[in-house]
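Asker: A predicted structure for the sequence below; I have some questions about it.
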Amino acid sequence: MIRSDIIRGHLDSIILRLILEKDRYGYEISKEISTRTDNRFQIKEATLYAVFQRLEKKELIESYFGKVSKGGKRKYYRITTLGKAYLKETVAEWEITKEIIDLFMEGLN
């Protein structure tokens, strides 16, 4: 497992990236994060929904209710045009950040 504080500053980008692929609901996003990281990172439900609220407030995503499933209606999230532009900026920032961190961390293994 990885410490959540290492990833915390990038949660918005991670969630936006997953929603960019397709509209998703909360549990699906949580499961996808766990799956893609081989369970090395798991997002807490409270954290996930705090991110959704923050992204909606900034108009980077919008929500809607999907079709009724076994458990009732699911709230889905989709990325907005503003969200796509923001994600593009954060990816560029990440590339620079990664280069800088790599300068100091390479060769320590």
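Answerer: Noted; the coordinates are in hand.
Asker: for the rest of this, base every contact and every neighbour count on C-alpha atoms.
Answerer: Noted.
Asker: quick check: Tyr65 touching Lys75?
Answerer: No Tyr there; residue 65 is Phe. Yes - using CA atoms under 8 Å, Phe65 is in contact with Lys75, at 4.5 Å.
Asker: what about the two, which has more around it?
Answerer: Lys75 (15 against 12; other CA atoms under 10 Å).
Asker: that one and Leu82, how far apart?
Answerer: Using CA to CA, to the nearest Å, Lys75 is found at 20 Å from Leu82.
Asker: which non-adjacent residue is nearest the most centrally placed residue in the chain?
Answerer: The C-alpha lying nearest the average C-alpha coordinate of the chain belongs to Ile15 (CA atoms, centre = their mean; 1.7 Å). Computed as CA to CA, 6 or more residues apart in numbering, the closest residue to Ile15 that is not its neighbour in sequence is Ile29, at 7.4 Å.
Asker: what about Tyr25, how many residues close to it?
Answerer: Tyr25 has 18 neighbouring residues, counting by other CA under 10 Å.
Asker: if we go by neighbour counts, what in the strand or helix carrying the residue nearest to the centre of the chain is buried?
Answerer: Element membership for Ile15, per DSSP states H and E: helix 11-21. Applying a neighbour-count criterion of 16 or more other CA atoms under 10 Å, one finds 12-20 buried in helix 11-21.
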